[in-house]
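Participant: Sequence and computational prediction follow.
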Amino acid sequence: MNNQRYKSGLNKLKEIDGEAGQKVIDSLASISPDLAKYTIEFPFGDIYQRAGLDLKSRELATVAALTALGHCQPQLNVHINGALNVGCKPEEIREVIIQMAVYAGFPAALNGMLVAKEVFIDRGIINTIEDA
């Protein structure tokens, strides 16, 4: 991929998600390289490049949306990690997920919080399930 949109998108993806984002793209390569390309170009090459919101705000909005959808746990995991990578605090992520209980329902918020718990344990933010 030689186009600038792809290159800037890939750089933004790495800035936010590090290796996790690349793993998602790599997992698509054998089945749908076009979808991998579109995933880099549109969200990260276009939308995440826009002025108006910083990366923390964009990632919190993404965590909220994925929580509200209620069936996107793998993507939510990646974006909770991304939110932490760009400077969001665990408390901010928890509060966004709790807020979704009002608008998306308790099942979606509970599922989202369980994903956050996994991420926090994996990253050493909390040590065990009992600490959560």
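Facilitator: Yep, it's here. Please read all numbers here as calculations on a predicted model, not as lab measurements. Numbers count the residues shown, from 1 in each chain.
Participant: where do the helices sit along this protein?
Facilitator: Secondary structure of the chain, counting by DSSP state H: helices at 4-17, 19-29, 33-39, 55-69, 73-85, 90-104, 106-122.
Participant: for stretch 74-81, the distance to its chain's centre please.
Facilitator: Taking Cα atoms, centre = their mean, to the nearest Å, one finds stretch 74-81 lying 4 Å from the centre of the chain it belongs to.
Participant: Next: stretch 99-117.
Facilitator: Relative to its chain's centre, stretch 99-117 lies at 15 Å (Cα atoms, centre = their mean).
Participant: now stretch 10-30
Facilitator: Worked out by Cα atoms, centre = their mean, stretch 10-30 lies 11 Å from the chain centre.
Participant: that older thread, ranking the helices of the chain by mean pLDDT, which is last?
Facilitator: Here the helices of the chain differ in mean pLDDT, and the lowest is helix 19-29 at a mean of 86.
Participant: Going by neighbour count, list what's buried in that helix.
Facilitator: Within helix 19-29, the residues that qualify as buried are 20-21, 24-25, counting by 16 or more other Cβ atoms under 10 Å. (Glycine included, C-beta is placed from N, CA and C.)
Participant: Would you mind giving those as TSV with distance to residue 62 added?
Facilitator: Listed next are the buried residues of helix 19-29 as TSV, based on distance: Cβ to Cβ, whole Å:
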residue	distance to residue 62
20	14
21	12
24	14
25	17
